[in-house]
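>>> missing the sequence, but the structure's below:
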């Protein structure tokens, strides 16, 4: 069943007398419970596409539907994790998570929100950090708070815009493993639908059921690539397989082809 339907959308930005087409005739669907990564070189429209899914930007043409209904703006069925942590600096970790809960579960008491916030902080390995302020936490810890907030909101759809791009390599690996563990769950809970924007090829292969490869000038779908690798996935074992190498080589060939095309276009100007 389609959770998200992206139907022939285009997006043009206008600034004064100039205009820039960020997306052109983009179409694909995302299934309920599917983990889909959007990947491509800089300027291919990844973040613009996610902005449309968030409901913060309206496409110039085309339609986007969630559960069969047109997106009219931000919705309670969606939560977002940004590349920058987007935490309120004057709130503790538990209050940052509780604030997100207040938006989607207003019937909960303040005590109940704080208790639930600490449950999710524990899930992301921050059981002792509830009273800490963002200034007292590392970048990796702050991003885990942001993930805890999004997960605690318990939305059907999780939108992630390069959420690990601002953390160091070690914490990036930790957060990738954490996200996989929380998304896969224990088998008794329904998987969330995840749309994950990244520029990291290996990250996309590790996490995804399917990868949407974008190309630039203007942003279009270059190719949809299935990732039929068994789950749960073990990073160290995965990279040794022929299937992993084939998928990675295919993506890299598309990357280099897109970059070459962009360079050739610029050389003609």
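Done, it's in. Keep in mind that this is a model prediction, so the values were computed, not measured.
>>> Tell me which residues touch the residue nearest the centre of the chain, please.
Nearest to the geometric centre of the chain sits residue 160, at 2.1 Å (CA atoms, centre = their mean). Counting by CB atoms under 8 Å, 6 or more residues apart in numbering, residue 160 makes contact with 80, 81, 194, 195, 196, 197. For every residue, glycine as well, the C-beta is placed using N, CA and C.
>>> What helix or strand is the fourth one located in?
Using DSSP states H and E, the secondary-structure element containing residue 195 is strand 193-197.
>>> Now do stretch 166-183, average pLDDT.
Averaging pLDDT along stretch 166-183 gives 84.
>>> Kindly apply the preceding question to stretch 107-123 instead.
92.
>>> And for stretch 202-213?
Stretch 202-213 shows a mean pLDDT of 96.
>>> If you count neighbours, what's buried in it?
Buried residues in stretch 202-213, counted by 16 or more other CB atoms under 10 Å: 203, 204, 205, 206, 207, 208, 209, 210, 211, 212, 213.
>>> what's the nearest residue to the second one if we skip its chain neighbours?
So that's residue 204. In space, not counting the residues next to it along the chain, residue 204 is nearest to residue 37; the distance is 4.0 Å by CB to CB, 6 or more residues apart in numbering.
>>> I'd like the distance between the one you found and residue 225.
Residue 37 sits 9 Å away from residue 225 when distances are taken as CB to CB, to the nearest Å.
>>> More neighbours: which of those two?
Taking other CB atoms under 10 Å, residue 37 and residue 225 do not tie; residue 37 has more neighbours (26 against 18).
>>> Can you check my assumption that that one lies in a helix?
No: going by DSSP: H, G, I helix; E, B strand; the rest coil, the assignment for residue 37 is strand, not a helix.
>>> Residues that sit against both of residue 37 and residue 225, list them.
Residues touching both residue 37 and residue 225 (CB under 8 Å, 6+ apart): 210, 211, 212.
>>> Of those, which is the nearest to residue 19?
Distance to residue 19 across the shared contacts of residue 37 and residue 225 (CB to CB) is lowest for residue 212, with 24.8 Å.
>>> Wait, the closest one touches residue 38, no?
Yes: the criterion here is CB atoms under 8 Å, and residue 212 meets it with residue 38 at 4.8 Å.
>>> how close does residue 63 sit to residue 4?
As for residue 63, its distance to residue 4 is 11 Å (criterion: CB to CB).
>>> neighbour-wise, which of those two wins?
Higher neighbour count among residue 63 and residue 4: residue 4, with 22 against 13, using other CB under 10 Å.
>>> Where do the strands of the stretch 101-250 of the chain begin and end?
Under the criterion DSSP state E, counting those that start in this stretch, the stretch 101-250 of the chain carries strands at the ranges 157-161, 193-197, 210-215, 220-226.
>>> Relative to residue 125, which of those is closest?
When these are compared (using CB to CB), the closest one is strand 157-161, at 18.1 Å.
>>> The closest one vs strand 193-197, what angle?
The directions of strand 157-161 and strand 193-197 differ by 10 degrees, with axes from the mean of the first three to the mean of the last three CA atoms, to 10 degrees as the criterion.
>>> What strands line up against strand 157-161, and which way round?
Neighbouring strands of strand 157-161 in its sheet, by DSSP bridges, are strand 78-81 (parallel), strand 193-197 (parallel).
>>> Please tell me the pLDDT value assigned to residue 266.
Looking at residue 266, its pLDDT stands at 58.
>>> hmm, I was thinking of residue 198
In the prediction, the pLDDT value recorded for residue 198 is 93.
>>> thought it was touching residue 162?
Yes: applying CB under 8 Å, one finds residue 198 in contact with residue 162, separated by 5.8 Å.
>>> Residue 153 reaches residue 79, doesn't it?
Yes: the pair residue 153 and residue 79 qualifies as a contact (CB under 8 Å) at a distance of 4.6 Å.
>>> any shared contact partners between these two?
Both residue 153 and residue 79 are in contact with 100, 104, where contact means CB under 8 Å, 6+ apart.
>>> quick one: which of the two has more around it?
residue 79 (25 against 21).
>>> residues touching the more buried one, list them.
By CB under 8 Å, 6+ apart, the contact set of residue 79 is 100, 104, 149, 150, 151, 153, 155, 157, 158, 159.
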